[in-house]
Structures are given as C-alpha cells and as structure tokens.
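build me a structure from this.
(one chain, ligands or ions: 1)
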Amino acid sequence: MTRSLHRSLHSLVLASLLALPLSLTAQDSNTIHFDAATKVFRIDAAGTTYAFGVNNVDELQPLFWGRSIAATDSLPAAHTLPEVASFDGPGTVTQGEYKGWGGQLYLEPALKVTFPDGNRDLVLHYVSHHIEGDTLTIVTKDIERDLFVELRYTVDPATGILGRSAIITNKATAPVMIEQAAAATWNLPRGTNYTLNYLTGRWAGEDQLQQQLIRPGETVLQSTRGSTGHQNNPWFAIERGPSTDEDTGDVWFGALAWSGSWRITVEQDQLQQVRVTGGFNPFDFSYKLAPSQSLETPVFYGGYSDHGLGGASRLLHRFELTKILPQSPNPRPVLYNSWEATTFHVDEAGQEALAEKAASIGIERFVMDDGWFGQRKDDHAGLGDWYVNPQKFPHGLKPLIDKVHSLGMDFGLWVEPEMVNPDSDLYRKHPDWVLNFTGRPRTQERNQLVLNLARPDVRDYVFHFLDDLLAHNDIAFLKWDYNRNWTEPGWPAVAPDEQKKVYVAYTRNLYSILHDLRAKYPKLEIESCSGGGGRVDLGIMHYTDEVWPSDNTDPFDRLSIQDGFTYAYTPGVMMAWVTDSPGWANNRTTSVTYRFLSSMQGSLGVGANLNKWTPEDFATAKDLIAAYKGIRETVQHGSLYRLVSPRNGSETSVTESVSLDKKQAALFTFLHSSTMNYPYPRVFLRGLNPNTSYRVTSISGKLATDTPTTATGSYWMSHGLDVELKGDFQAAAFRFDAQ
Ligand code: GLA
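Numbers count the residues shown, from 1 in each chain. Reported below is the predicted structural model:
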C-alpha cells in the first residue's frame, strides 16, 4: 500500500462522514424499543421501521416492515389469525419471525429438529429479551424441551439494514439432531403484486438479473455444491408492483452472509402473505447438537428502500463498504494479472518482463497467477505442494518481488489453498485428507479434489503453508481461488451421524483461516475467486477486500455481468481486467478504449499479454489508467446509478457514479451496435446537487458540439446531454467536477 493510497483513504472516510446527515452518523441508542404494554418491538432507523410482537400464544409475530411510521403511531399488539379452514389453522396462517416445525405449520420452517425419542415437534415461545445499543437479543424456547433459540437483530443506523441470526442451544441431557436451520424469516406486507429479483448464472456467465411476479407457492434459490456457487447468488430484492423505474418504488432486499451450501425460499402462502426464509441449505444436512452445544447460523441481512432497486443497491453498497469489508475500504490499486498472458508458463524472466511493461502504464500491483509452485506445468499436477518451483524460480520468489518493488508496485500471488491434485506429494502422503466416501469413486473436476477443511489437520496445514509463504515473502495480496464444487462430500474420520456437519465446519474453518491470516498480516489484502464469481457473498466479503466476478473478461459480456453484480455488491470490490482482443469467450474484436471503459466501472485491472501490445496500445492504456485514478474514489465508493441497463438485448447501457460529497460524477456510456443512422439516446444524470455548477471533461469520446462546458446539476439531470456514439462496440466516458 503506497502512502498516497493511505492518504486517499483518509480523505474518503472523511468525505463519507461529511456526506451523511448528522442524525445518521450519531450512534442512536433509541433505534430499538419495546412497548411492555403491547409487547411490541420496534426498530426504527434510516427511514425504515421494522416491528414485531409477542402474540397471544407467546410466539414472535411480524407486524410491519417498510417506510418508517411515526413514533407516535402505536402498533397494535400481535394476535394470531383465526382458522381459515380446517386445512389452514392459526398455526400455519399466522406469520412468524422464526418458526419451528411443529404444531400446525405447513409452510417453510426456520428450524426443524429430531429429538432422540423420535419427537419432531418444535414450538418456540418467547422467554426474554435484551436490548444493548443497536442489538436486540430475544430468547425463545420450545414449549416443553430444553431447546433454546436466541434470535439476534442488529441494526445499522446509517442504512437501516438489519442483520438477523439465530443461536440454537441444546440445554437438555440428550443430543438433538438439527435438520434445517435458517438465519431468519423476513415477512412482507400482505400483497399479490410483488416482483422478485434474483441473480442466476454459470461459469463465465454470472449475475444475470431475473425478474418474476411472485405467485402462490415457493421459489427456491440455493446452492447444494458446498460453496456459494455461480448458479444462484444469495441475494434477493422484492419490488412492490412491476419493475418500472430503477430509482422509484418500494423494495425489500436481503443477502445471506454464507459461503457454504445455502438456501433462500420465497413463499406466497394461502393468504397471499409473502415471506423469505434463508440459511443453511437443508439438503444433505444435519447437525447433531450434544448437550450444552450450540449452533450459530449465518447472518441474513435485510433492508428496505423507497427508491427502487437503485436505492436498494446503494444502501447495500454503503453497508458493505462500512460494515462488511474487513477494513475501511482502501481505493483498490490498479492491478496487473499474468493469467491470460502466460497461463501456467510463468518464470522469473517472463514475469519480470511483464512487470516492467505493467509499471510503464501506471499499474500499482503486479500479481503472478497460477503455475509458480510444486510441479505445476498445467492443471494436472501440483495443487497442494506450495513450494516455489525451482526450475521456474531458481532463487525463490525474492528476485521477482524485489524487481516488482523496484518498479514501484506491490506484489500479489495466486493460491488455491483448499484443493489438491491427485498428482501431488500432498495427496500421495495424505489421500484421506480429501472429501470422500469410503470405497466410493472420488470424482475429479479440473483434475483436482477438495481438501476437507473441516478436518483440524487440514485446516492447520493450509494455515501453516500460507503463514510460511507470507512470512518469507513480501506479499501484499493473495488471489484466493477455488476451482471446483464438492462431490462425494463424506468425512469418514468422524462418526456417521456427525458427517453432515461438514457443510458448516468446512466453511467456518475457511473463515477462521482467513481471519487468522489477516490478524497476523494486517496489511495483507485478499481477493475471493472461484473460477470467476463462484464465491461472492457477504460471508466471504467480511474477510476479503475484493472479488473476481467472472472468468469471462469479454468487455461486452462484462457489461451485463457487472450490471447484475452491482444489484447486490459494490463496484468497490468488483475487479475488472482489460484483456486481449479478440477474446477467448466470444472471439470478438473490440478496441483498447472500449475494453478499458468497460473495466473502469469497477476496480480496474489489466490481464492482457503486454508482450503483444503496440506502442499505441501502451499510450492509450497509460492515459486511461491516469484518468481512472482521477475518478476511482467516485467509482469505487460513490453512489451508483444504473441509468440504462444492458439487460434484455438493450443496444445501449449507461452507468453514473456520484461521489458521496457530490463534487464529482463519472459517466460511462456504451453502444452495442448503431442502426439506421439513429443518434445515441439522450442521457439524463442523477444524484447531482441541482444548484451546483459542474464542468464536464471527456475521459474518452465526444459530446454534441452544443453541449455546455459548465452547467448546473439540474441542467445535466433535467436537460441531459447528447453523446456522439456510432458504430459497433463503441464507448465514451466523461467526468463532471463541481466548480
Ligand atoms: C481460475 C481463475 C482464473 C485463473 C485460473 C488459474 O479459473 O478464475 O482467473 O486464476 O483459475 O488456474
């Protein structure tokens, strides 16, 4: 980390404090109230009210979640709904904050258990509560057995985002088997006109936004793969009414902080009540709780915005930057990565040559990717053997790291700590260290197997090799990769009825390794990568500084991947490389400028083979990297407005980022393919100060000749501006600075 980056960090933190209304910065200890007369809990923060009560049968029943209601408006006490039919009694139609499966419940429970005597009935009643600062803790207990569930609600006063989780404790004398455990159930006001937004994808095609009307029944978003997965991301947003305008309307949203198998169900019940339940995936899951043991669920965060999906994502971005990331958000350095240039063929001379070229265009961090360790020539061997390959680096990594430092950059390294190739010394020595079922095949993916991180010896091995690597080399950054999903997820070393704990124990040990490394190496930064965006969630983001959204670096595909990504995650963690053209994904040819402008909407990196660049490419790159440094705080930590989405085959897409103090905005405009000589649609900015004058400067591309150089925020927002773009895969970008 350079001094100038530290300085920028301080100014960023200051700017963000100045930009928030005072009422939001002060720790408001009055955000959580309990009315003893009505037994109603109310959490009020940042324009949002969340309320629930202890009802007539001592269960926790939701009352309201949405735009804040006046403190003087008292909420009526919670009361169970009457029987609707002999098929739908109060126990199933009355919504719950956190319901056990028992009694009359036919809907998704938050918790399901089996007691050793075969009893599977669980009904949780309120016992007590405790309010401390921004956290409310409620103790509930089964009506008969000594199974306790502590429910936690922590509110972020600045965004109104609530973090909810549960701790299940067995205070009986016999073990209990947990078969399903959610972090929380979120209940929306009754209604039928809700639109569910969620993210789907696959390798090289992550984060595609899906929108559908919520209908009776259940929609399941999940991963059964052992990790977060590319297929669904643990995020949802529900709009009231159809999705019309990005920045208006009521939106309820949530994100689960868990990097193991997870599940979120969105359910509309018989009374058209909508609820969202999320936590550990119950598929192939059980967790045996011995007497006096506890199981803590992940945290399920939820929030509300009356400014549409745009407002919802801006709240989430702010929350991630201030509450989820492990440290105050440093501006991400402009990074170079060797993967697409050299693949596995790394060596000292080749990497040093690339480093020289990278430094010449203003790169601040040089990252050597796969291929530097063990007997790694391709993806058939070497994973698990984390010694520096002596043929490729006869003097270790030091000469390369010294060279990188002498060029004014810091050094980063690729690792894939949780994996092993069968062709490795580690696997030959410890074949029992991988996930496996005794006597069954061990399915390989990319010629590798998954180390069972739940095992204490594997956890120690992984921590120690990383500790050793970091202790002996000046490494500022790790790209932590994870290139396959689980198969045959057995853990033969423990008793059969303990084996399914692997889904929890593995993920917790992953977090603990990351935590311990960060504690020991406080300056270390880490990127979460899983063959692209296969492990992006609020759980891993608590221990990492950035994520790799996709292996697909095609600049046009990236527009929609990045669009989807930013519904849930801040552009401040969204690493985006400029790679070569034509690219491997689509064999598409695009200009260096188009590729840069696509990547400059996130955390900029370069992953091209610089050995093939022309002097013109270097000159363009140098200019655009310098321009990026002038807007990166705004792009990474400002407020994002997705003015025109690239979704649904749109010919254009536009993003705008506004700094928190509203003194700067950055505008990126893209044209897929112009037709019939039509001009580019007029662009209307958002989020500026209407009365402030802003001067517009081109980063790349032209505005219509009659565009004023300086005009008020209200001019840019109301009158708008015309960008001159024609052709295929064209882009232009502009910055606006307050005068
Ligand atoms: C994964 C990553 C890539 C690269 C390769 C290296 O696919 O997503 O960026 O690091 O592994 O093997």
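
from here on, contacts and neighbour counts on C-alpha atoms
Noted.

number of nearby residues for residue 432?
Residue 432: 15 surrounding residues under other C-alpha atoms under 10 Å.

next up, the contacts around the residue of the chain found nearest the ligand.
Minimum separation of the chain from the ligand (C-alpha to the nearest ligand atom) falls at residue 531, amounting to 3.5 Å. By C-alpha atoms under 8 Å, 6 or more residues apart in numbering, the contact set of residue 531 is 203, 481-484, 550-551.

among these, who's most crowded?
residue 550 (28 neighbours).

mind giving me the domain split of the chain?
3-324, 368-529, 643-738 (automatic domain parsing).

assess the claim that residue 145 and residue 172 are in contact.
Yes - contact criterion C-alpha atoms under 8 Å: residue 145 and residue 172 qualify, at 7.2 Å.

can you give me the distance of residue 539 to residue 528?
Distance, residue 539 to residue 528, by C-alpha to C-alpha, to the nearest Å: 11 Å.

the two: which is more packed in?
Comparing residue 539 with residue 528 by other C-alpha under 10 Å, the one with more neighbours is residue 528, at 26 against 23.

who's the more buried one bridged to?
Beta-bridge pairing of residue 528 under DSSP bridges involves residue 480, residue 547.

can you map out the strands along the stretch 351-500 of the chain?
Taking DSSP state E, counting those that start in this stretch as the criterion, the stretch 351-500 of the chain contains strands spanning 365-368, 410-415, 419-420, 449-450, 477-480.

any idea how far the spatially closest residue to residue 712 that is not a sequence neighbour is from residue 422?
Spatially, and ignoring its direct neighbours in sequence, residue 712 is nearest to residue 693 (4.1 Å; C-alpha to C-alpha, 6 or more residues apart in numbering). From residue 693 across to residue 422, the span is 63 Å (C-alpha to C-alpha).

repeat that for residue 119.
45 Å.

sorry, back to before: where's the residue of the chain closest to the ligand relative to residue 284, distance?
Taking C-alpha to C-alpha, one finds residue 531 at 24 Å from residue 284.

and for residue 708?
Between residue 708 and residue 284 the distance is 63 Å, computed by C-alpha to C-alpha.

what's the end-to-end length of stretch 689-709?
With C-alpha to C-alpha, one end of stretch 689-709 sits 17 Å from the other.

also stretch 565-578?
18 Å.

picking up where we left off before, redo the contacts of residue 531 as CSV? Include distance to the ligand and pLDDT.
Formatted as CSV, those follow (distance: C-alpha to the nearest ligand atom, whole Å; pLDDT from 0 to 100):
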residue, distance to the ligand, pLDDT
203, 9, 98
481, 6, 98
482, 7, 98
483, 6, 98
484, 9, 98
550, 7, 98
551, 5, 98
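
closest to residue 722 among these?
Among the contacts of residue 531, residue 550 lies closest to residue 722 (C-alpha to C-alpha), at 32.0 Å.

excluding its backbone neighbours, what's nearest the closest one?
residue 532 (3.6 Å).

was I right to think that neighbour contacts residue 548?
Yes - Residue 532 is in contact with residue 548 according to C-alpha under 8 Å; the separation is 5.4 Å.

need phi/psi at residue 502.
phi -50, psi -30 (degrees, to the nearest 10).

same question for residue 625.
According to degrees, to the nearest 10, residue 625 has phi -70, psi -40.

just list the residues touching the nearest residue to it once chain neighbours are set aside, thanks.
Nearest non-adjacent residue to residue 625, counting by C-alpha to C-alpha, 6+ apart: residue 362, 6.5 Å away. Residue 362 makes contacts with 334, 622, 625-626, as judged by C-alpha under 8 Å, 6+ apart.

Throw the residues you listed into a markdown table and include secondary structure and distance to residue 599, thanks.
Listed next are the contacts of residue 362 as a markdown table, based on DSSP: H, G, I helix; E, B strand; the rest coil; distance: C-alpha to C-alpha, whole Å:
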| residue | secondary structure | distance to residue 599 |
| --- | --- | --- |
| 334 | coil | 11 |
| 622 | helix | 14 |
| 625 | helix | 11 |
| 626 | helix | 14 |
